[in-house]
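**Q** dropping a prediction and its sequence here:
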Amino acid sequence: MTTPARTRIAPSPTGYMHIGTLRTSLFDYFLSKQTGGKFIIRIEDTDQERLVEGATESLLATFSKLGILHDEGPFLQDDGSLTQKGDVGPYIQSERLDIYRPYVETLLGQGDAYPCFCSRERLTEMREEQRATKQTPKYDRACLALGQDEVTKRLADGEAHVIRMKVPEGQTVFEDVVRGTVSVNNSDLDDQVLMKSDGFPTYHMAVVVDDNLMAISHVLRGEEWIPSTPKHVILMNMLGFDVPTFAHVPLLLNADKTKLSKRQGDVAVEDYLEKGYLPAALINFVGTLGFNPTGDREVYTLQELIDMFDLSKVKKSGAVMNIEKLDWMNQQYLKELGLDEVAEAARPFVEVDVDDPMIMRALFVERERIHRLTEFAEAIVPYTGYDAPDAETITWKKSDAADAKVQLEGVRAEIAGAPDDIYENLSYVEDRIKAYIEKNELSNGNVLWPLRIALSGLQKSASPFEFLWVLGREESLKRIDQAIAVL
RNA sequence: GGUCCCAUCGUCUAGUGGCUAGGACGCCAGGUUUUCAUCCUGGAAACGGGAGUUCAAUUCUCCCUGGGAUCACCA
(Lines give C-alpha, C1' and ligand atoms only; values in the text may rest on other atoms or scores of the structure.)
Protein backbone atom coordinates (compact mmCIF):
# COMPACT_ATOMS: atom_id res chain seq x y z
CA MET A 1 0.00 0.00 0.00
CA THR A 2 1.26 3.40 -0.92
CA THR A 3 1.39 6.21 1.59
CA PRO A 4 -1.83 8.21 1.85
CA ALA A 5 -1.69 11.21 -0.45
CA ARG A 6 -2.77 14.63 0.71
CA THR A 7 -3.86 16.43 -2.41
CA ARG A 8 -5.46 19.80 -2.83
CA ILE A 9 -7.17 21.90 -5.40
CA ALA A 10 -6.58 25.60 -4.97
CA PRO A 11 -9.03 27.54 -7.09
CA SER A 12 -9.37 31.28 -7.08
CA PRO A 13 -13.00 32.13 -6.50
CA THR A 14 -14.10 33.47 -9.86
CA GLY A 15 -17.74 32.51 -9.70
CA TYR A 16 -17.64 29.32 -11.72
CA MET A 17 -15.63 26.12 -11.93
CA HIS A 18 -13.29 25.91 -14.88
CA ILE A 19 -13.44 22.55 -16.61
CA GLY A 20 -9.67 22.30 -16.16
CA THR A 21 -10.15 22.76 -12.45
CA LEU A 22 -12.55 19.85 -12.52
CA ARG A 23 -10.03 17.67 -14.31
CA THR A 24 -7.24 18.46 -11.85
CA SER A 25 -9.66 17.99 -8.96
CA LEU A 26 -10.62 14.60 -10.31
CA PHE A 27 -7.00 13.51 -10.46
CA ASP A 28 -6.50 14.80 -6.92
CA TYR A 29 -9.60 12.95 -5.86
CA PHE A 30 -8.64 9.67 -7.54
CA LEU A 31 -5.19 9.78 -6.01
CA SER A 32 -6.34 10.59 -2.50
CA LYS A 33 -9.11 8.00 -2.50
CA GLN A 34 -6.88 5.34 -3.96
CA THR A 35 -4.25 5.82 -1.29
CA GLY A 36 -6.62 6.43 1.60
CA GLY A 37 -5.45 10.03 1.85
CA LYS A 38 -7.20 13.37 1.92
CA PHE A 39 -8.53 15.68 -0.76
CA ILE A 40 -8.42 19.30 0.33
CA ILE A 41 -10.00 22.42 -1.09
CA ARG A 42 -8.22 25.66 -0.41
CA ILE A 43 -9.51 28.99 -1.63
CA GLU A 44 -6.89 31.29 -3.14
CA ASP A 45 -8.42 34.70 -2.75
CA THR A 46 -5.37 36.88 -2.23
CA ASP A 47 -6.28 39.15 -5.10
CA GLN A 48 -8.55 41.70 -3.52
CA GLU A 49 -9.38 43.28 -6.85
CA ARG A 50 -10.81 40.13 -8.32
CA LEU A 51 -13.01 39.05 -5.47
CA VAL A 52 -16.40 37.81 -6.60
CA GLU A 53 -19.22 37.75 -4.11
CA GLY A 54 -20.54 34.26 -3.40
CA ALA A 55 -17.98 32.60 -5.62
CA THR A 56 -16.73 30.18 -3.00
CA GLU A 57 -20.26 29.08 -2.22
CA SER A 58 -21.07 28.39 -5.84
CA LEU A 59 -17.82 26.52 -6.33
CA LEU A 60 -18.62 24.26 -3.41
CA ALA A 61 -22.15 23.80 -4.65
CA THR A 62 -20.79 22.56 -7.95
CA PHE A 63 -18.47 20.09 -6.28
CA SER A 64 -21.44 18.89 -4.34
CA LYS A 65 -23.59 18.45 -7.44
CA LEU A 66 -20.84 16.41 -9.00
CA GLY A 67 -20.53 14.25 -5.93
CA ILE A 68 -16.82 14.95 -5.65
CA LEU A 69 -16.57 15.39 -1.91
CA HIS A 70 -13.55 16.81 -0.16
CA ASP A 71 -12.18 15.93 3.26
CA GLU A 72 -10.89 19.28 4.45
CA GLY A 73 -11.55 22.88 3.58
CA PRO A 74 -14.57 25.15 3.46
CA PHE A 75 -17.96 23.43 3.43
CA LEU A 76 -21.36 24.70 2.51
CA GLN A 77 -23.94 24.27 5.25
CA ASP A 78 -27.62 23.67 4.73
CA ASP A 79 -28.43 27.30 5.40
CA GLY A 80 -26.03 28.37 2.67
CA SER A 81 -23.33 29.67 4.98
CA LEU A 82 -19.73 28.54 5.06
CA THR A 83 -17.93 26.53 7.69
CA GLN A 84 -14.50 24.98 7.67
CA LYS A 85 -13.34 21.51 8.63
CA GLY A 86 -9.83 20.18 9.05
CA ASP A 87 -6.86 20.49 11.39
CA VAL A 88 -4.70 22.78 9.32
CA GLY A 89 -7.08 25.61 8.51
CA PRO A 90 -8.17 28.16 7.87
CA TYR A 91 -8.48 27.04 4.26
CA ILE A 92 -9.21 30.45 2.87
CA GLN A 93 -6.07 32.43 2.22
CA SER A 94 -7.47 35.85 3.07
CA GLU A 95 -7.93 34.47 6.59
CA ARG A 96 -4.29 33.41 6.78
CA LEU A 97 -2.57 36.78 6.41
CA ASP A 98 -0.94 36.59 9.84
CA ILE A 99 0.43 33.19 8.98
CA TYR A 100 2.42 34.40 5.98
CA ARG A 101 4.11 37.40 7.62
CA PRO A 102 6.65 35.54 9.79
CA TYR A 103 7.86 33.63 6.75
CA VAL A 104 8.38 36.84 4.85
CA GLU A 105 10.29 38.21 7.85
CA THR A 106 12.46 35.12 7.87
CA LEU A 107 13.26 35.56 4.21
CA LEU A 108 14.04 39.21 4.76
CA GLY A 109 16.26 38.36 7.71
CA GLN A 110 18.15 35.76 5.69
CA GLY A 111 18.74 38.19 2.89
CA ASP A 112 16.65 36.02 0.59
CA ALA A 113 14.13 38.78 0.03
CA TYR A 114 14.20 42.55 -0.16
CA PRO A 115 11.85 45.51 -0.22
CA CYS A 116 11.20 47.16 -3.55
CA PHE A 117 9.86 50.69 -3.84
CA CYS A 118 9.65 50.88 -7.59
CA SER A 119 6.44 52.34 -8.95
CA ARG A 120 4.23 50.39 -11.31
CA GLU A 121 4.94 53.01 -13.92
CA ARG A 122 8.67 52.46 -13.72
CA LEU A 123 8.24 48.70 -13.88
CA THR A 124 5.98 48.90 -16.89
CA GLU A 125 8.35 51.25 -18.65
CA MET A 126 11.27 48.99 -17.87
CA ARG A 127 9.53 45.95 -19.28
CA GLU A 128 8.50 47.70 -22.43
CA GLU A 129 12.06 48.72 -23.01
CA GLN A 130 13.31 45.21 -22.37
CA ARG A 131 10.77 43.81 -24.77
CA ALA A 132 11.73 46.37 -27.37
CA THR A 133 15.37 45.35 -27.13
CA LYS A 134 14.35 41.67 -27.25
CA GLN A 135 15.43 40.96 -23.71
CA THR A 136 13.47 38.83 -21.28
CA PRO A 137 11.34 41.17 -19.18
CA LYS A 138 12.82 40.96 -15.70
CA TYR A 139 13.14 43.19 -12.68
CA ASP A 140 16.45 45.06 -12.83
CA ARG A 141 17.07 44.87 -9.06
CA ALA A 142 17.32 48.63 -8.72
CA CYS A 143 16.06 48.45 -5.16
CA LEU A 144 18.52 45.71 -4.24
CA ALA A 145 21.27 48.29 -4.79
CA LEU A 146 19.75 50.68 -2.24
CA GLY A 147 21.83 51.33 0.87
CA GLN A 148 20.64 49.90 4.18
CA ASP A 149 20.13 53.34 5.67
CA GLU A 150 17.98 54.51 2.84
CA VAL A 151 15.87 51.37 2.96
CA THR A 152 15.36 51.75 6.69
CA LYS A 153 14.39 55.39 6.29
CA ARG A 154 11.92 54.84 3.46
CA LEU A 155 10.36 51.95 5.33
CA ALA A 156 10.08 54.14 8.45
CA ASP A 157 8.42 56.82 6.36
CA GLY A 158 5.80 54.29 5.44
CA GLU A 159 6.58 54.38 1.74
CA ALA A 160 4.60 51.91 -0.35
CA HIS A 161 6.64 48.86 -1.25
CA VAL A 162 6.52 45.20 -2.09
CA ILE A 163 8.78 42.38 -0.96
CA ARG A 164 10.64 40.52 -3.69
CA MET A 165 12.48 37.24 -3.49
CA LYS A 166 16.15 37.38 -4.34
CA VAL A 167 16.66 34.59 -6.81
CA PRO A 168 20.07 33.03 -6.15
CA GLU A 169 22.58 32.11 -8.83
CA GLY A 170 22.77 28.63 -10.16
CA GLN A 171 20.31 26.17 -11.59
CA THR A 172 17.03 24.81 -10.28
CA VAL A 173 15.90 21.29 -11.00
CA PHE A 174 12.74 19.50 -10.02
CA GLU A 175 11.18 16.14 -10.71
CA ASP A 176 7.73 15.99 -12.23
CA VAL A 177 5.87 12.69 -12.20
CA VAL A 178 4.39 13.20 -15.61
CA ARG A 179 7.27 15.06 -17.26
CA GLY A 180 10.43 13.81 -15.67
CA THR A 181 13.25 16.18 -14.79
CA VAL A 182 12.72 19.85 -15.51
CA SER A 183 15.56 22.29 -15.09
CA VAL A 184 16.08 26.00 -15.58
CA ASN A 185 18.89 28.46 -15.11
CA ASN A 186 18.12 30.80 -12.25
CA SER A 187 19.38 33.68 -14.34
CA ASP A 188 16.20 33.28 -16.38
CA LEU A 189 14.02 33.78 -13.34
CA ASP A 190 12.55 37.06 -12.20
CA ASP A 191 12.73 38.35 -8.63
CA GLN A 192 9.13 37.46 -7.99
CA VAL A 193 7.02 39.67 -5.74
CA LEU A 194 6.12 37.73 -2.59
CA MET A 195 4.21 40.35 -0.66
CA LYS A 196 2.10 42.99 -2.32
CA SER A 197 1.90 46.59 -1.16
CA ASP A 198 -1.52 45.92 0.34
CA GLY A 199 0.01 43.36 2.68
CA PHE A 200 -1.42 40.35 0.89
CA PRO A 201 0.95 37.62 -0.22
CA THR A 202 1.12 36.71 -3.88
CA TYR A 203 0.15 33.25 -5.03
CA HIS A 204 3.77 32.18 -5.09
CA MET A 205 4.37 32.97 -1.45
CA ALA A 206 1.04 31.68 -0.23
CA VAL A 207 1.10 28.40 -2.12
CA VAL A 208 4.53 27.48 -0.78
CA VAL A 209 3.67 28.26 2.82
CA ASP A 210 0.21 26.69 2.69
CA ASP A 211 1.25 23.51 0.96
CA ASN A 212 3.91 23.05 3.58
CA LEU A 213 1.67 23.84 6.56
CA MET A 214 -1.10 21.69 5.16
CA ALA A 215 1.34 18.84 4.54
CA ILE A 216 0.38 18.52 0.89
CA SER A 217 2.18 15.51 -0.56
CA HIS A 218 1.22 15.89 -4.22
CA VAL A 219 0.91 19.14 -6.08
CA LEU A 220 -1.20 18.54 -9.19
CA ARG A 221 -1.95 21.51 -11.41
CA GLY A 222 -2.11 22.54 -15.03
CA GLU A 223 1.06 22.71 -17.05
CA GLU A 224 0.78 26.48 -17.33
CA TRP A 225 2.38 26.45 -13.89
CA ILE A 226 5.60 24.80 -14.97
CA PRO A 227 7.43 28.10 -15.50
CA SER A 228 6.77 29.26 -11.95
CA THR A 229 7.53 25.98 -10.23
CA PRO A 230 11.30 26.64 -10.01
CA LYS A 231 10.55 29.79 -8.04
CA HIS A 232 8.48 27.74 -5.64
CA VAL A 233 11.26 25.20 -5.26
CA ILE A 234 13.74 27.96 -4.51
CA LEU A 235 11.41 29.38 -1.87
CA MET A 236 10.97 25.95 -0.32
CA ASN A 237 14.71 25.58 -0.08
CA MET A 238 15.09 29.02 1.47
CA LEU A 239 12.50 28.18 4.10
CA GLY A 240 13.76 24.66 4.70
CA PHE A 241 10.56 23.00 3.47
CA ASP A 242 10.33 19.54 1.97
CA VAL A 243 9.60 19.59 -1.73
CA PRO A 244 6.31 17.85 -2.56
CA THR A 245 5.75 15.57 -5.52
CA PHE A 246 4.89 17.65 -8.54
CA ALA A 247 2.66 16.57 -11.39
CA HIS A 248 1.83 19.10 -14.07
CA VAL A 249 -1.09 17.79 -16.04
CA PRO A 250 -1.62 18.62 -19.71
CA LEU A 251 -3.87 21.49 -20.68
CA LEU A 252 -7.41 21.23 -21.96
CA LEU A 253 -7.53 22.86 -25.36
CA ASN A 254 -9.82 24.72 -27.74
CA ALA A 255 -10.39 23.12 -31.13
CA ASP A 256 -7.51 25.26 -32.44
CA LYS A 257 -5.23 23.76 -29.79
CA THR A 258 -4.81 26.94 -27.78
CA LYS A 259 -5.46 26.96 -24.05
CA LEU A 260 -9.15 26.49 -23.41
CA SER A 261 -10.69 29.91 -23.23
CA LYS A 262 -14.06 31.28 -22.38
CA ARG A 263 -14.28 33.00 -25.72
CA GLN A 264 -14.18 29.79 -27.69
CA GLY A 265 -16.73 27.68 -25.91
CA ASP A 266 -17.85 26.49 -22.58
CA VAL A 267 -15.22 26.41 -19.89
CA ALA A 268 -17.52 26.41 -16.89
CA VAL A 269 -18.58 23.09 -15.44
CA GLU A 270 -21.89 24.73 -14.59
CA ASP A 271 -22.49 25.32 -18.30
CA TYR A 272 -22.13 21.64 -19.02
CA LEU A 273 -24.47 20.75 -16.21
CA GLU A 274 -26.99 23.25 -17.52
CA LYS A 275 -26.68 21.78 -20.97
CA GLY A 276 -27.87 18.49 -19.57
CA TYR A 277 -24.79 16.39 -19.12
CA LEU A 278 -24.99 13.95 -16.24
CA PRO A 279 -22.35 14.40 -13.54
CA ALA A 280 -21.23 10.81 -13.93
CA ALA A 281 -20.78 11.19 -17.68
CA LEU A 282 -18.93 14.45 -17.28
CA ILE A 283 -16.63 12.92 -14.69
CA ASN A 284 -15.98 9.90 -16.86
CA PHE A 285 -15.24 12.09 -19.86
CA VAL A 286 -13.10 14.73 -18.19
CA GLY A 287 -11.39 12.20 -15.93
CA THR A 288 -10.15 10.23 -18.92
CA LEU A 289 -8.81 13.21 -20.80
CA GLY A 290 -5.07 12.80 -20.65
CA PHE A 291 -5.39 9.62 -18.69
CA ASN A 292 -6.64 6.33 -20.05
CA PRO A 293 -6.74 3.30 -17.79
CA THR A 294 -6.75 0.60 -20.46
CA GLY A 295 -7.05 2.02 -23.93
CA ASP A 296 -9.80 -0.31 -25.06
CA ARG A 297 -12.74 0.92 -23.02
CA GLU A 298 -14.46 4.25 -22.70
CA VAL A 299 -16.92 3.86 -19.86
CA TYR A 300 -15.58 3.51 -16.35
CA THR A 301 -17.26 3.82 -12.99
CA LEU A 302 -15.91 6.33 -10.52
CA GLN A 303 -14.59 3.47 -8.41
CA GLU A 304 -12.76 1.99 -11.38
CA LEU A 305 -11.21 5.36 -12.11
CA ILE A 306 -10.07 5.60 -8.50
CA ASP A 307 -8.63 2.10 -8.52
CA MET A 308 -6.91 2.38 -11.87
CA PHE A 309 -5.60 5.92 -11.64
CA ASP A 310 -1.88 6.19 -12.18
CA LEU A 311 -0.14 9.56 -12.24
CA SER A 312 2.77 8.18 -14.18
CA LYS A 313 0.40 7.22 -17.00
CA VAL A 314 -0.91 10.74 -17.48
CA LYS A 315 -0.18 12.00 -20.99
CA LYS A 316 2.18 14.91 -21.56
CA SER A 317 0.34 16.56 -24.42
CA GLY A 318 -2.77 18.70 -24.28
CA ALA A 319 -6.24 17.45 -25.13
CA VAL A 320 -8.97 18.99 -27.24
CA MET A 321 -12.45 18.43 -25.86
CA ASN A 322 -14.39 16.25 -28.28
CA ILE A 323 -17.94 17.34 -27.52
CA GLU A 324 -19.47 14.74 -29.84
CA LYS A 325 -17.85 12.07 -27.78
CA LEU A 326 -19.17 13.67 -24.61
CA ASP A 327 -22.66 13.55 -26.15
CA TRP A 328 -22.20 9.91 -26.97
CA MET A 329 -20.93 9.15 -23.49
CA ASN A 330 -23.79 11.02 -21.89
CA GLN A 331 -26.20 8.84 -23.83
CA GLN A 332 -24.42 5.73 -22.60
CA TYR A 333 -25.08 6.87 -19.05
CA LEU A 334 -28.62 7.96 -19.84
CA LYS A 335 -29.45 4.48 -21.13
CA GLU A 336 -28.46 2.95 -17.82
CA LEU A 337 -30.79 5.09 -15.71
CA GLY A 338 -33.83 3.56 -14.03
CA LEU A 339 -37.33 5.03 -13.94
CA ASP A 340 -36.82 7.11 -10.79
CA GLU A 341 -33.33 8.18 -11.73
CA VAL A 342 -34.49 9.52 -15.08
CA ALA A 343 -37.23 11.50 -13.41
CA GLU A 344 -34.78 13.08 -10.99
CA ALA A 345 -32.29 13.88 -13.71
CA ALA A 346 -34.98 15.40 -15.90
CA ARG A 347 -36.66 17.43 -13.16
CA PRO A 348 -34.77 20.71 -13.71
CA PHE A 349 -35.09 20.46 -17.47
CA VAL A 350 -38.81 20.05 -18.04
CA GLU A 351 -41.91 22.02 -17.18
CA VAL A 352 -44.08 18.97 -16.62
CA ASP A 353 -44.56 17.04 -13.39
CA VAL A 354 -41.90 14.36 -13.38
CA ASP A 355 -43.59 12.59 -10.49
CA ASP A 356 -46.58 11.81 -12.68
CA PRO A 357 -46.28 8.10 -13.54
CA MET A 358 -47.12 8.69 -17.19
CA ILE A 359 -44.45 11.37 -17.51
CA MET A 360 -41.99 9.12 -15.76
CA ARG A 361 -42.58 6.35 -18.26
CA ALA A 362 -42.29 8.78 -21.14
CA LEU A 363 -38.96 10.06 -19.86
CA PHE A 364 -37.79 6.52 -19.38
CA VAL A 365 -38.63 5.67 -22.98
CA GLU A 366 -37.16 8.81 -24.45
CA ARG A 367 -33.95 8.73 -22.44
CA GLU A 368 -32.24 6.47 -24.93
CA ARG A 369 -33.25 8.58 -27.88
CA ILE A 370 -31.64 11.78 -26.66
CA HIS A 371 -28.11 12.83 -25.79
CA ARG A 372 -28.63 15.63 -23.32
CA LEU A 373 -31.19 16.28 -20.62
CA THR A 374 -32.25 19.54 -22.25
CA GLU A 375 -33.72 17.49 -25.10
CA PHE A 376 -36.32 16.04 -22.77
CA ALA A 377 -38.48 19.14 -23.00
CA GLU A 378 -38.99 18.50 -26.70
CA ALA A 379 -39.05 14.73 -26.46
CA ILE A 380 -41.91 14.73 -24.00
CA VAL A 381 -44.30 16.71 -26.17
CA PRO A 382 -45.88 13.80 -28.09
CA TYR A 383 -46.97 12.25 -24.80
CA THR A 384 -48.49 15.32 -23.22
CA GLY A 385 -50.18 16.66 -26.29
CA TYR A 386 -51.68 15.13 -29.36
CA ASP A 387 -52.53 16.30 -32.85
CA ALA A 388 -54.36 13.69 -34.88
CA PRO A 389 -52.23 12.83 -37.91
CA ASP A 390 -53.66 13.00 -41.44
CA ALA A 391 -54.70 9.96 -43.41
CA GLU A 392 -51.64 9.97 -45.59
CA THR A 393 -49.27 9.85 -42.66
CA ILE A 394 -51.20 7.04 -41.00
CA THR A 395 -50.99 4.94 -44.11
CA TRP A 396 -47.96 2.71 -44.43
CA LYS A 397 -45.99 3.19 -47.64
CA LYS A 398 -46.53 -0.47 -48.59
CA SER A 399 -50.27 -0.39 -47.96
CA ASP A 400 -53.30 1.86 -48.28
CA ALA A 401 -55.70 3.87 -46.16
CA ALA A 402 -58.46 1.28 -46.23
CA ASP A 403 -56.11 -1.33 -44.86
CA ALA A 404 -54.81 1.07 -42.24
CA LYS A 405 -58.32 1.55 -40.99
CA VAL A 406 -59.01 -2.17 -40.85
CA GLN A 407 -55.78 -2.80 -38.98
CA LEU A 408 -56.38 -0.01 -36.51
CA GLU A 409 -59.85 -1.28 -35.77
CA GLY A 410 -58.49 -4.75 -35.26
CA VAL A 411 -55.73 -3.76 -32.94
CA ARG A 412 -58.10 -1.43 -31.12
CA ALA A 413 -60.32 -4.33 -30.26
CA GLU A 414 -57.31 -6.27 -29.07
CA ILE A 415 -56.20 -3.44 -26.81
CA ALA A 416 -59.70 -2.83 -25.51
CA GLY A 417 -60.02 -6.48 -24.63
CA ALA A 418 -56.63 -6.92 -23.03
CA PRO A 419 -56.32 -6.99 -19.25
CA ASP A 420 -54.86 -4.05 -17.31
CA ASP A 421 -51.81 -5.92 -16.15
CA ILE A 422 -50.20 -5.85 -19.58
CA TYR A 423 -49.28 -2.24 -18.77
CA GLU A 424 -47.18 -3.28 -15.84
CA ASN A 425 -44.25 -3.93 -18.06
CA LEU A 426 -43.18 -2.67 -21.44
CA SER A 427 -42.40 -6.14 -22.68
CA TYR A 428 -45.87 -7.45 -21.73
CA VAL A 429 -47.44 -4.89 -24.04
CA GLU A 430 -45.07 -5.76 -26.81
CA ASP A 431 -45.61 -9.48 -26.38
CA ARG A 432 -49.35 -9.05 -26.42
CA ILE A 433 -49.44 -7.08 -29.67
CA LYS A 434 -46.91 -9.29 -31.38
CA ALA A 435 -48.87 -12.37 -30.40
CA TYR A 436 -51.98 -10.76 -31.84
CA ILE A 437 -50.23 -10.10 -35.14
CA GLU A 438 -48.88 -13.62 -35.33
CA LYS A 439 -52.12 -15.29 -34.36
CA ASN A 440 -54.03 -13.44 -37.05
CA GLU A 441 -51.24 -13.86 -39.59
CA LEU A 442 -50.90 -10.14 -40.10
CA SER A 443 -47.73 -8.29 -41.08
CA ASN A 444 -45.83 -6.03 -38.71
CA GLY A 445 -45.73 -3.13 -41.10
CA ASN A 446 -49.44 -3.12 -41.84
CA VAL A 447 -50.35 -3.07 -38.19
CA LEU A 448 -47.49 -1.34 -36.43
CA TRP A 449 -46.97 1.60 -38.73
CA PRO A 450 -50.57 2.88 -38.52
CA LEU A 451 -50.67 2.06 -34.85
CA ARG A 452 -47.52 4.01 -34.09
CA ILE A 453 -48.63 7.01 -36.10
CA ALA A 454 -52.04 6.89 -34.48
CA LEU A 455 -50.48 6.91 -31.03
CA SER A 456 -47.68 9.40 -31.56
CA GLY A 457 -49.06 11.55 -34.32
CA LEU A 458 -45.54 11.65 -35.66
CA GLN A 459 -43.58 10.44 -38.64
CA LYS A 460 -40.61 9.65 -36.39
CA SER A 461 -41.08 8.47 -32.85
CA ALA A 462 -40.60 5.74 -30.29
CA SER A 463 -42.24 2.38 -30.97
CA PRO A 464 -46.00 1.75 -30.71
CA PHE A 465 -45.35 -0.60 -27.80
CA GLU A 466 -43.59 2.13 -25.93
CA PHE A 467 -46.44 4.54 -26.59
CA LEU A 468 -49.03 2.02 -25.42
CA TRP A 469 -47.07 1.41 -22.27
CA VAL A 470 -46.56 5.09 -21.54
CA LEU A 471 -50.05 6.30 -22.38
CA GLY A 472 -52.03 3.43 -20.89
CA ARG A 473 -55.21 1.97 -22.24
CA GLU A 474 -57.60 4.89 -22.01
CA GLU A 475 -55.45 7.50 -23.71
CA SER A 476 -54.26 4.97 -26.28
CA LEU A 477 -57.81 4.07 -27.27
CA LYS A 478 -58.69 7.73 -27.50
CA ARG A 479 -55.86 8.41 -29.90
CA ILE A 480 -56.57 5.34 -31.99
CA ASP A 481 -60.20 6.40 -32.29
CA GLN A 482 -59.18 9.81 -33.49
CA ALA A 483 -56.95 8.27 -36.12
CA ILE A 484 -59.69 5.93 -37.26
CA ALA A 485 -61.99 8.92 -37.56
CA VAL A 486 -59.49 10.65 -39.85
CA LEU A 487 -59.40 7.63 -42.13
C1' G B 1 11.88 37.60 -28.58
C1' G B 2 13.90 34.67 -23.87
C1' U B 3 12.79 30.31 -21.14
C1' C B 4 10.19 25.88 -20.57
C1' C B 5 6.93 22.01 -22.35
C1' C B 6 4.90 18.89 -26.13
C1' A B 7 4.43 15.78 -30.97
C1' U B 8 0.39 8.08 -33.08
C1' C B 9 -6.01 8.46 -37.54
C1' G B 10 -10.03 14.96 -37.92
C1' U B 11 -10.60 14.35 -32.25
C1' C B 12 -9.74 11.28 -27.51
C1' U B 13 -6.24 7.48 -26.99
C1' A B 14 -3.46 2.11 -26.59
C1' G B 15 1.12 0.28 -27.81
C1' U B 16 6.09 -2.07 -29.05
C1' G B 17 13.46 -2.30 -30.68
C1' G B 18 10.66 -6.78 -35.25
C1' C B 19 2.75 -6.16 -34.93
C1' U B 20 -1.55 -6.36 -41.00
C1' A B 21 0.19 0.08 -35.41
C1' G B 22 -5.24 -1.68 -31.52
C1' G B 23 -9.78 0.76 -29.36
C1' A B 24 -13.41 4.95 -29.08
C1' C B 25 -16.13 9.40 -31.00
C1' G B 26 -17.34 11.32 -35.62
C1' C B 27 -17.76 9.99 -40.91
C1' C B 28 -19.10 6.42 -45.09
C1' A B 29 -21.43 1.63 -46.72
C1' G B 30 -24.45 -2.52 -45.57
C1' G B 31 -27.80 -5.27 -42.11
C1' U B 32 -31.76 -5.77 -38.16
C1' U B 33 -36.30 -2.86 -37.23
C1' U B 34 -43.16 -0.34 -38.43
C1' U B 35 -40.26 5.14 -38.51
C1' C B 36 -36.34 7.64 -35.92
C1' A B 37 -32.98 6.32 -32.35
C1' U B 38 -30.58 1.99 -30.64
C1' C B 39 -28.04 -2.38 -32.04
C1' C B 40 -24.83 -5.50 -35.46
C1' U B 41 -21.19 -5.95 -39.61
C1' G B 42 -17.73 -3.73 -42.79
C1' G B 43 -14.80 0.63 -44.61
C1' A B 44 -11.78 5.11 -45.19
C1' A B 45 -8.45 7.50 -41.69
C1' A B 46 -2.22 8.21 -37.98
C1' C B 47 3.36 7.09 -36.08
C1' G B 48 5.75 15.55 -38.78
C1' G B 49 10.95 15.63 -41.31
C1' G B 50 16.30 14.50 -41.31
C1' A B 51 20.52 12.24 -39.34
C1' G B 52 22.58 8.69 -35.78
C1' U B 53 22.57 3.88 -32.69
C1' U B 54 21.03 -1.11 -34.29
C1' C B 55 20.58 -6.91 -38.04
C1' A B 56 15.98 -4.01 -37.30
C1' A B 57 13.23 1.88 -35.56
C1' U B 58 6.82 4.63 -34.78
C1' U B 59 9.61 3.15 -30.26
C1' C B 60 16.35 5.12 -28.11
C1' U B 61 19.74 9.83 -29.10
C1' C B 62 20.52 14.48 -31.63
C1' C B 63 18.95 18.28 -34.94
C1' C B 64 15.03 20.58 -37.60
C1' U B 65 10.03 21.71 -38.15
C1' G B 66 5.46 22.45 -36.04
C1' G B 67 2.35 23.48 -31.90
C1' G B 68 1.66 25.22 -26.96
C1' A B 69 2.61 27.56 -22.19
C1' U B 70 4.84 31.42 -19.69
C1' C B 71 7.52 35.99 -18.97
C1' A B 72 2.02 41.13 -13.46
C1' C B 73 1.87 44.04 -6.79
C1' C B 74 -3.59 37.55 -11.40
C1' A B 75 -4.01 33.10 -9.93
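**A** Arrived safely.
**Q** in which helix or strand would I find the closest residue to A:P201 other than its chain neighbours?
**A** Nearest residue to A:P201, sequence neighbours excluded (C-beta to C-beta, 6 or more residues apart in numbering): A:Y100, at 4.5 Å. For the C-beta atoms, the positions are set from N, CA and C on the backbone; glycine is no exception. Per DSSP states H and E: A:Y100 is located in helix A:97-110.
**Q** tell me the mean pLDDT over that helix?
**A** In this model, helix A:97-110 has an average pLDDT of 97.
**Q** now it: buried residues?
**A** By 16 or more other C-beta atoms under 10 Å, the buried positions in helix A:97-110 come out as A:Y100, A:Y103, A:V104, A:L107, A:L108.
**Q** check whether it contacts RNA strand B.
**A** No: with C-beta under 7 Å from any atom of the strand as the criterion, RNA strand B is not reached by helix A:97-110; the gap is at least 11.4 Å.
**Q** that helix packs against which elements?
**A** Helix A:97-110 sits against strand A:113-116, strand A:162-165, strand A:193-195, helix A:203-213, helix A:229-239, with contacts defined as 3 or more C-beta pairs under 8 Å, 6 or more residues apart in numbering; DSSP states H and E.
**Q** so what touches it?
**A** A:113-115, A:163, A:165, A:194-195, A:199-201, A:205-206, A:209, A:213, A:235, A:238-239 (C-beta atoms under 8 Å, 6 or more residues apart in numbering).
**Q** any of these buried? List them.
**A** A:113-115, A:163, A:165, A:194-195, A:200-201, A:205-206, A:209, A:235, A:238.
**Q** and which of those residues is nearest A:Q48?
**A** A:F200 (6.5 Å; C-beta to C-beta).
**Q** list the contacts for the closest one?
**A** Applying C-beta under 8 Å, 6+ apart, we find A:F200 in contact with A:T46, A:D47, A:Q48, A:S94, A:L97.
**Q** returning to that earlier point: how far does the helix holding A:Y100 sit from its chain's centre?
**A** How far helix A:97-110 lies from its chain's middle: 37 Å, per C-alpha atoms, centre = their mean, to the nearest Å.
**Q** how far away is the single nearest residue of the stretch 251-400 of chain A relative to RNA strand B from A:K313?
**A** Residue of the stretch 251-400 of chain A nearest RNA strand B, by C-beta to the nearest atom of the strand: A:G295 (2.6 Å). Per C-beta to C-beta, to the nearest Å, A:G295 is found 10 Å from A:K313.
**Q** looking at these two, which is more packed in?
**A** A:K313 (13 against 5; other C-beta atoms under 10 Å).
**Q** might one say that that one is in contact with A:G290?
**A** No: counting by C-beta atoms under 8 Å, A:K313 sits too far from A:G290 to count as a contact (9.6 Å).
**Q** so what's the residue count around A:D256?
**A** 8.
**Q** re earlier: make CSV from the helices and strands packed on helix A:97-110 and add mean pLDDT and distance to A:F285 to it.
**A** CSV is the format used below for the helices and strands packed on helix A:97-110 (pLDDT from 0 to 100; distance: least, C-beta to C-beta, whole Å):
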stretch, mean pLDDT, distance to A:F285
strand A:113-116, 97, 44
strand A:162-165, 97, 40
strand A:193-195, 97, 38
helix A:203-213, 98, 29
helix A:229-239, 98, 28
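**Q** nearest to A:A401, out of these?
**A** Per C-beta to C-beta, nearest to A:A401 of these: helix A:203-213, 74.3 Å.
**Q** angle of the closest one against helix A:229-239?
**A** Between helix A:203-213 and helix A:229-239, the angle comes out at 60 degrees (axes from the mean of the first three to the mean of the last three C-alpha atoms, to 10 degrees).
**Q** show the subsequent helix or strand relative to helix A:203-213.
**A** strand A:218-222.
**Q** what is that next one packed up against?
**A** Using 3+ C-beta pairs under 8 Å, 6+ apart, strand A:218-222 sits against strand A:6-9, helix A:19-35, strand A:245-249.
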